[in-house]
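Peer 1: Dropping the sequence and predicted coords here.
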Amino acid sequence: MSQFKLSSTESRPFGSTPVPASGAPLRLRSGARARAAAIQTLILAVIVAAVLAFVGLIWAGLQRHGIGFSLDFLDQPAGFNISEGLTVAQGPHGLTLVPFNSQQTYAQALLAGLYNTLVVTLISIVLATVLGVLVGVGRMSRNWVVKNWAWAFVELIRNTPLLIQIIFWYFAVLLQMPGLADASLLHGALIASRQGVFFAWPAATAAASHYAWFVGLAVAVSALGVLVGTPRRRRVAFVASAAILALGLAFTGWPFSIEMPEASSFSVSGGAGFSPEMASLIIALGVNFAAYVAEVVRGALQSIDKGQWEAAAALGLGHRESLWVVVLPQAVRVIVPSLGNLYVTIAKSTSFAIAIGFPDMFSVYGTVGNQTGRALEGILIVMVVYLLISLSISAIVNLYNRRVMKKGAR
């Protein structure tokens, strides 16, 4: 029999879609990419043009009123004091942190405000995280009292404005505390009064300078172990570092001692402490955002498959052990991205400190702008600083999130 060879069209099943030429998909994809790039370029050009037009309008308005744009005011003496805060100044051994005084410049005043902002941000983040995780886990408790108290805390805090909470903690709590002579908690280790909150704090001893050499050597050995890369050598390096630190303690003695606060009628010496303004701001931010952290934790815990609870129960673990050992570590991958957003919001919310007279960066900017008339330059500096703080927090959280995701993938 003679053989007949069917064409590609004849051999195609009835109703099937014709196969395009091999170069057609590539041309379609390249055309789509070109159109997407053109649209993105056009959008970017419109945004840049709008920004330049806005800047041009501002510049034209300044020129009409004879106002120039200059940062020279930053080198001028401030002429005002700040109730608290450290700034950077030249000392006998180089740059150091010193209390701000009226003889220093406007730039140093803004640095003192930045110092206060960073301190409040870091402490509030830690407080909100710890308290929020505890409350979020409490929402999952089988204890009726714990579960409902956690629910009431979250609902009360989340449905109350942050500014009102700051004012409440300042006027209704901190300023209503007893004076220094009558305020003492935990046998003098904690003093809570209307003049501020003071607590015990480590203080360097005479052996600290000698012990620093052992610390430096231990850090160098640990860094060398990390750079080598093999797990065995890394463990050996860490053990050697711990031995060096222990040997340093044996030769030099303890480098730190616990310094207790001692209150008199009008002041406190020793230890460390916060002013009532800083303390109320830290408490308000920590408590307020703890409610949001709690909801993030609760949602993450509920997103974990119920099979994990059942598997933990099959291994003989109780509800509490299953929660802390099995479920919560898996929920970290869900929790971390949302926590990054909350941390950035905490940093920006420190600007509410102006309501109670705490000298954060935004409050100090207000004084600087009123004295110099350089409101535009000052607000641009403040905006850039807050932007850098937010980007730094996001970068740290994203770095940790990538590390957690890699561990989860393995």
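Peer 2: Structure received.

Peer 1: The stretch 51-200 of the chain: strands as residue ranges?
Peer 2: Per DSSP state E, counting those that start in this stretch, the stretch 51-200 of the chain carries strands over the ranges 86-91, 94-99, 190-193, 196-199.

Peer 1: right, so of these, which gets closest to residue 392?
Peer 2: Evaluated with C-beta to C-beta, those place strand 86-91 nearest to residue 392, the distance being 18.2 Å. To be clear about C-beta, it is placed using only N, CA and C from the backbone, and glycine gets the same treatment.

Peer 1: Which parts of the stretch 101-250 of the chain are helices?
Peer 2: 106-139, 144-158, 162-167, 208-228, 231-252 (DSSP state H, counting those that start in this stretch).

Peer 1: how far out from the middle of the chain is stretch 326-344?
Peer 2: The chain centre lies 14 Å from the centre of stretch 326-344; the measure is C-alpha atoms, centre = their mean, to the nearest Å.

Peer 1: tell me which residues in it are buried?
Peer 2: Neighbour counts using 16 or more other C-beta atoms under 10 Å place 326-328, 331-336, 338-340, 342-344 of stretch 326-344 among the buried residues.

Peer 1: From these, pick the one nearest residue 98.
Peer 2: Residue 98 lies nearest to residue 343 out of those, by C-beta to C-beta, at 29.0 Å.

Peer 1: Same list, the strands of the stretch 51-200 of the chain, but as CSV with mean pLDDT please.
Peer 2: Below are these laid out as CSV (pLDDT from 0 to 100):
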stretch, mean pLDDT
strand 86-91, 82
strand 94-99, 82
strand 190-193, 82
strand 196-199, 84
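
Peer 1: Can you lay out those strands as CSV showing mean neighbour count and distance to residue 67?
Peer 2: Below are these laid out as CSV (neighbours: other C-beta atoms under 10 Å; distance: least, C-beta to C-beta, whole Å):
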stretch, mean neighbour count, distance to residue 67
strand 86-91, 15, 28
strand 94-99, 11, 33
strand 190-193, 21, 47
strand 196-199, 22, 41
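
Peer 1: can you redo these as JSON lines with distance to residue 361?
Peer 2: Listed next are the strands of the stretch 51-200 of the chain as JSON lines, based on distance: least, C-beta to C-beta, whole Å:
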{"stretch": "strand 86-91", "distance to residue 361": "12"}
{"stretch": "strand 94-99", "distance to residue 361": "16"}
{"stretch": "strand 190-193", "distance to residue 361": "27"}
{"stretch": "strand 196-199", "distance to residue 361": "21"}
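
Peer 1: gap between the closest residue in space to residue 237 that isn't next to it in sequence and residue 236?
Peer 2: Nearest non-adjacent residue to residue 237, counting by C-beta to C-beta, 6 or more residues apart in numbering: residue 225, 2.3 Å away. Note on residue 225: its distance to residue 236, by C-beta to C-beta, to the nearest Å, is 7 Å.

Peer 1: Next: residue 294.
Peer 2: From residue 294 over to residue 236 (counting by C-beta to C-beta), the distance is 42 Å.
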